[in-house]
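Asks: let's see this in three dimensions:
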Amino acid sequence: MTVKRRIASSDPYKVQFEQAIAQSKSDFVKEILSDHKITASEFGEAQDRFTSCLDDAGVQWERTAAAAGFATVSTIAIESGAADSDAPKKCAEAWTGMIESLYMMANQNPANKDMNDLIAACLTEHGLMSEDLTGKDVEEAFEAGSVRGEVGEDGTAVPVAPGAVPDPILPDGTNLNSTETYPCITNPLNPAAVETG
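Replies: Next comes the predicted model:
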């Protein structure tokens, strides 16, 4: 008998959890996600089952640590070349689904606030930008850095050559790919946890 779990009415990740549940074909994954919370032990169990499945399929993997908000979580990296094979996909579908990404998001940004706003606040708080920097400025810099390129005579965008995508630049000229801004871009709620060396 499945016990119905209680879901908070103020759940900041309600939409993401409901989409992940609807898309999953795994009863295990659906059960973990059913209360719209993922505990550290549930996350660990999902990873253990995933890595056991990889072992059974002969797929090499490595556990690495990543800073997510104020927590350090482990992620599973699969050997190069094996990530696109059927075994890792089947193992992920059965045992992890969206568990890892939702767990990381909830630890990185518990209130599910706009990341660009959080980055702007972090850059301002740490004296890297003026106080009038907005999340919209950050968003526009990232968009321009990822899509900006030449415009042809017919008014359509000319594709940017690989490796030639310009860096995201803020209105004052600050490069968001700089060493100084990296901690706020990577972990805006806890930039001190980001290793820059």
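Asks: need the contact partners of stretch 171-191.
Replies: 67-70, 108-109, 115, 118-119, 121-123, 126, 128-130, 137-138, 141-142, 145, 167-170, 192-194, 196 (C-beta atoms under 8 Å, 6 or more residues apart in numbering). Where you see a C-beta, it was placed from the backbone N, CA and C, and this is true even at glycine.
Asks: drop the exposed ones from these and show what's left.
Replies: 67-69, 108-109, 115, 118-119, 121-123, 128-129, 137-138, 141-142, 145, 168-170, 193 (16 or more other C-beta atoms under 10 Å).
Asks: keep only those of the residues you listed that are in strands.
Replies: In this view, the buried ones among the contacts of stretch 171-191 that belong to strands under DSSP state E are Ala67, Ala68.
Asks: so which of the contacts of stretch 171-191 sit within helices?
Replies: Gln108, Met115, Leu118, Ile119, Ala121, Cys122, Leu123, Asp137, Val138, Ala141, Phe142, Gly145 (DSSP state H).
Asks: where does confidence bottom out across these?
Replies: Least confident of the ones in helices among the contacts of stretch 171-191 in the model: Gly145, at 68.
Asks: now for this protein, the helix or strand with the poorest mean pLDDT.
Replies: helix 135-147 (a mean of 82; mean pLDDT, DSSP states H and E).
Asks: right, and the helix or strand after that helix?
Replies: helix 182-186 (DSSP states H and E).
Asks: how much space between the nearest residue to Ala68 once chain neighbours are set aside and Phe43?
Replies: Sequence neighbours aside, Asn107 is the residue nearest to Ala68 in space, at 3.9 Å (criterion: C-beta to C-beta, 6 or more residues apart in numbering). Asn107 sits 9 Å away from Phe43, going by C-beta to C-beta, to the nearest Å.
Asks: can you check Phe17 too?
Replies: 14 Å.
Asks: if we can go back for a sec, list the helices and strands the least confident helix or strand of the chain packs on?
Replies: Packing partners of helix 135-147 (3 or more C-beta pairs under 8 Å, 6 or more residues apart in numbering; DSSP states H and E): helix 115-125.
Asks: what's in contact with the helix it packs on?
Replies: 109, 129-131, 133-139, 142, 181, 183-185, 188-189, 191.
Asks: where does this structure dip in pLDDT?
Replies: Filtered on pLDDT under 70, the chain yields the residue ranges 1-9, 82-84, 145-165, 196-197.
Asks: starting at the chain centroid, how far to stretch 74-82?
Replies: 16 Å (C-alpha atoms, centre = their mean, to the nearest Å).
Asks: buried residues in it?
Replies: Those buried within stretch 74-82 under the rule 16+ other C-beta under 10 Å are Ile76, Ile78.
Asks: residues contacting it, please?
Replies: 47, 50-51, 54, 59-66, 88, 100, 104.
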